[in-house]
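1. Fold the stuff below for me.
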Amino acid sequence: MGLRVGGVSDDFRKQVLGYGLTTAQILYRMPDHPSLLQTYVWQNYDLFPKFPALTDFLAFWQEKLDGPLFSVTVAHSKLIKPAELRAVDGVFRLH
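-> This next block holds a predicted model:
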């Protein structure tokens, strides 16, 4: 859970600023057995469509970790969206 500043969590602040929940399924080759693939799931708040947080994480992975990346599948959802409004055609009263 994000830190709370003034009663509001950092995660909520990010959502208001346009961040959405991003999940990446990362397939990578095992360092000792390159013919085998392993899965890693990464999840964080990020900005669509450039995904700066995910891009930074993948750059870190390639620089510091031994398992070479095979594929990355990304899913993204904005959690705070404009309200869905529907016009009301009439008022019904029940006595």
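
2. check which helix or strand covers residue 63.
-> Per DSSP states H and E, residue 63 falls inside helix 52-64.

3. mean confidence score for that helix?
-> What helix 52-64 shows for mean pLDDT is 98.

4. May I have the strands that pair with the helix or strand just after that helix, each with its orientation?
-> Elements were assigned by DSSP H and E; along the chain past helix 52-64, the next helix or strand is strand 69-77. Partners of strand 69-77 in the sheet, by DSSP bridges, are strand 20-29 (antiparallel).

5. list the buried ones in the strand it pairs with?
-> Buried residues in strand 20-29, defined by neighbour count with 16 or more other C-beta atoms under 10 Å: 20, 21, 22, 24, 26, 28, 29. To be clear about C-beta, it is placed using only N, CA and C from the backbone, and glycine gets the same treatment.

6. One more: stretch 11-19?
-> 11, 14, 15, 19.

7. tell me what the helix or strand harbouring the second one is packed against?
-> By that I understand residue 14. Following DSSP H and E, one finds residue 14 within helix 10-16. Judged by 3 or more C-beta pairs under 8 Å, 6 or more residues apart in numbering; DSSP states H and E, the packing partners of helix 10-16 are strand 37-46.

8. Can you give me the buried ones in the strand it packs on?
-> Residues of strand 37-46 classed as buried: 42, 45, 46 (neighbour count, 16+ other C-beta under 10 Å).
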